[in-house]
Each structure stands twice: as C-alpha cells, then as structure tokens.
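A.B. asks: Turn this into a structure:
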Amino acid sequence: MSSFYNKVTKQWLTKTVCDGRPGLEVQQDCNTDDETLEQTEDTDIDAESNCTRSTANLGDEDRVFFDATDSSDCDDDNELHDIRLEEVWTSDDDSETDVHVPQGCQMVSQPVYYFLLLLLFWKAAFRVSASSTVFIVKCIKYFVKLLGSTYNCAKIVEASEQIPVTLMSVEKIIGLEKKCFIEYVVCPQCSVIYEFSDCVRTLANGKTESKTCRHVATPNHPHVRKRKACGALLLKQQRRHKKCILAPIKVYPYRSLKKSLCHILSKPDYIEKCEQWRSRMAVLANDILADIYDGQVWKQFTEVELNRFLDTPHSYLLTMNVDWFQPYKRSIYSTGAIYLTLQNLPREDTRM
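C.D. replies: The predicted structure is shown next:
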C-alpha cells in the first residue's frame, strides 16, 4: 500500500492491491493549502515526503494529533518564508543607498554625461585635436536629433539638445579641473609680453585692429635708427564660428606660484608627504645615492650652517626647468615650457 496526493480532487489516495488487482481508496483530506504544497514540492523533496507520510496504521486520536502537528509546522514554515520575502522587498525598496551622482549629471542627463566622458577619454587616448573632437560632437548631436525626430521619440530629441557643441562646454559638464592660466600676448620678434587689452585698437567705424610692439631695445643709443620701436604686429585675424577675430600670434600662459602651491598642498596628506624626507635620511647610509635628498645640492640647504633653509618645517625647495620641443612632425612649430617642480614630495608622488 502506498499513498500519494491528487491535485485535482485535493485528496490523499491510498493505492492498494486486492487479489492482484490494484484499487484506489480515499484516505484523508489534506490540511495544507495549494500554495504550501507547491512551495514544498519545489523546494525540498524530503519535506514533501514528510508531509505526505501515511497515517493509516495510527489511532484516531494519534492521527488527529499527528495531522495537526504536520499542518501547523508547514504553515509556520510558509509564514516564516513570507516574512523573509517581505523583509527583503521592504529593505530593497525603502533603503537609502549612497549613490555617487556626478556633478555633471545635474546639468545634463546621465547617458549624455557618460557619453561626453567617453568622448574625452577617446580624445586623450588617440590624441585627437580639439577641432576634430568638436566636429564629431556636432555630427553626433545632429544625428541623435534626427533619429529622435524620425521615430517620434521626445526623450531622444531632449537628449540631443543637451549635447554641447564646444569643447569648453564639454569640459565644464564633466567637471575637469582648469589650470587657471593667465594668457599674455608675446611679441613674435622681441618676446616682450602684453596684456590682450593693450594690443587691440578700435577704429572710428567700430572695427578693431592689432597694435604693434612698442618696445625699444636700446632707448639710449646714439643713433636714431637704433632707438626705434620694434613695430611687429601682436595679433592676427582668425576665422572662428563664421566670424573674424583677433588672436595672439604667440601666447605666454602663466599661473601664479602661490596659487600652484596652494593647489598642491591642499590635496589630502600632501603636507605630511613633504616632510617624509626628514625621517628617510636617517635610515640610509651616507654613501648611498637613492634620490635628490642624497645629493650635495640638497645637503647644502640642510647641513651648511649659514644656509639651513630646509631645517625649518614646511620649507619647500623648488627646481626650475626649461624645455623647448617641437610637438608636430610635419610642421615647424616650437613650444617651450618653463615650470617648477616641488622636490619635497616623495618619488612615488608627482613633483609637478
């Protein structure tokens, strides 16, 4: 004799064999609901066998007690399972997670922000020029707008309106740090610097033109022709955005040393890193040269009695570097850099 559950009649049936002929007889109704049985069958086969055990050879009182115990256990398990699911869904919906939202996402939508971020990564990785990057941004902007208009999708059209058309706007949305350089106009002949406002002359008809260099190299020379001004043009006309503007022939970008030091030392732990070299020199031997701190020039500022500048805490030693190079292979264009490096920083940190 064996027992099994009929889902159609919702009854327990006992299969018996009488004189070699199989037969079915009703044993008892199931006290568990359909949901409990389906969960039991799906989760554990052993639990199903425990809930479907036969009680034919038990007494009436024992059978009632046994059935009540099994049904209560199954109901308690289902109730606990429901509570756990409810707790999980409640914690997922009601919990406030700290999600980092970039500042640029407040200006544009998140897909547009990450598109512009990938665009700048691509520009830096393949060394694409600024004009080429702006051209590609414009093409993508108009293509996305055309795509949204064709398929009548307002969200795509709205996203296309958020795409900027200038590289400066892209960098502003991404939040790139600006160097805050002041650009001076440089005379192409005598290398005298001017402010841009001192290089523009406004004519009577409202147009503007470039001034010439007023620098006199030898104002006290006995010959008159040697006391003439340089006279070189400082600005040239360029066409940008369908307009003719005046742009410097040569530019000298400059950033204040005070602002640069404030920017570097405002980074986390940079002030402490600039003082690590003091403990490092006590570890190495005198005959080992591992860094700039082991050289004679550095020791002149620490060991010479008349010039112990670095003995005072938070004293910084700067080195001036001058380098001229040609950035392009197929054109004659020279670029020079005059920069200072902070030597107090460890080698693993940048000293720029």
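
A.B. asks: Which segments of the protein make up each domain?
C.D. replies: Structural domains annotated on the chain: 2-94, 103-174, 186-253, 256-342, as defined by automatic domain parsing.

A.B. asks: Out of the ones you listed, which gets the lowest mean score?
C.D. replies: For the domains of the chain, mean pLDDT drops lowest on domain 2-94, to a mean of 46.

A.B. asks: which residue ranges form the helices in the chain?
C.D. replies: 34-43, 45-51, 60-94, 110-126, 130-150, 154-162, 167-174, 257-265, 270-273, 276-281, 296-300 (DSSP state H).

A.B. asks: ok, and what's touching stretch 239-247?
C.D. replies: Contacts to stretch 239-247, defined as C-beta atoms under 8 Å, 6 or more residues apart in numbering, come from residues 199-200, 208-210, 235-238. Glycine gets a C-beta too; all of them are placed from N, C-alpha and C.

A.B. asks: try 7 Å this time
C.D. replies: For stretch 239-247, the surrounding residues in contact (C-beta atoms under 7 Å, 6 or more residues apart in numbering) are 200, 208, 210, 235-238.

A.B. asks: same check, this time on stretch 340-347
C.D. replies: Against stretch 340-347 from outside (C-beta under 7 Å, 6+ apart): 257, 264, 273-274, 276-277, 291-292, 316-321, 351-352.

A.B. asks: Surely residue 233 and residue 209 touch.
C.D. replies: No: between residue 233 and residue 209 there is no contact under C-beta atoms under 7 Å: 9.3 Å.

A.B. asks: the more surrounded of these two?
C.D. replies: residue 233 (15 against 12; other C-beta atoms under 10 Å).

A.B. asks: and the residue nearest to that one when sequence neighbours are not counted, bridged to which residues?
C.D. replies: Spatial nearest neighbour of residue 233, chain neighbours left out: residue 210 (5.1 Å); criterion: C-beta to C-beta, 6 or more residues apart in numbering. Under DSSP bridges, the beta-bridge partners of residue 210 are residue 200.

A.B. asks: Residue 210 and residue 230, how far apart?
C.D. replies: Distance of residue 210 to residue 230, given as C-beta to C-beta, to the nearest Å: 13 Å.

A.B. asks: go on, residue 209?
C.D. replies: 17 Å.

A.B. asks: next one: residue 274
C.D. replies: Distance from residue 274 to residue 230, by C-beta to C-beta: 44 Å.

A.B. asks: These two - which one has more neighbours?
C.D. replies: For residue 274 and residue 230, the more surrounded residue by other C-beta under 10 Å is residue 274, and the numbers stand at 22 against 17.

A.B. asks: pLDDT at the nearest residue to that one once chain neighbours are set aside, what is it?
C.D. replies: Once flanking residues are discounted, residue 274 sits nearest to residue 344: 3.9 Å by C-beta to C-beta, 6+ apart. Per-residue pLDDT puts residue 344 at 88.

A.B. asks: count of residues packed around residue 344?
C.D. replies: Neighbour number of residue 344 under other C-beta under 10 Å is 23.

A.B. asks: Between the two ends of stretch 192-211, how far is it?
C.D. replies: 13 Å (C-alpha to C-alpha, to the nearest Å).

A.B. asks: mind listing what's buried in that stretch?
C.D. replies: 192, 194, 199, 210 (16 or more other C-beta atoms under 10 Å).

A.B. asks: tell me, how many neighbours does residue 310 end up with?
C.D. replies: Neighbours of residue 310 using other C-beta under 10 Å come to 20.

A.B. asks: I figured it hits residue 299, correct?
C.D. replies: No: taking contacts as C-beta under 7 Å, residue 310 lies outside contact range of residue 299: 9.4 Å.

A.B. asks: got the contact list for stretch 117-132?
C.D. replies: Residues beyond stretch 117-132 that count as contacts (C-beta under 7 Å, 6+ apart) turn out to be 133, 137, 167, 170, 174.

A.B. asks: most surrounded residue in those?
C.D. replies: residue 170 (22 neighbours).

A.B. asks: List the contacts of that residue.
C.D. replies: By C-beta under 7 Å, 6+ apart, the neighbours of residue 170 are 116, 120, 137, 164.

A.B. asks: Mind picking the two most distant members of those?
C.D. replies: Maximum pairwise distance among the contacts of residue 170 (C-beta to C-beta): 12.0 Å, between 120 and 164.

A.B. asks: neighbour count winner among the two?
C.D. replies: residue 164 (19 against 16).

A.B. asks: which residues does that one contact?
C.D. replies: Contacts of residue 164 by C-beta under 7 Å, 6+ apart are 170, 173.

A.B. asks: make it 8 Å
C.D. replies: Neighbours of residue 164 in contact, by C-beta under 8 Å, 6+ apart: 116, 137, 170, 173.

A.B. asks: measure the last one to residue 164 for me?
C.D. replies: Yep, that's residue 173 we're talking about. 7 Å.

A.B. asks: so what sits against both of those two?
C.D. replies: Taking C-beta under 8 Å, 6+ apart as the contact rule, residue 173 and residue 164 both touch residue 116.
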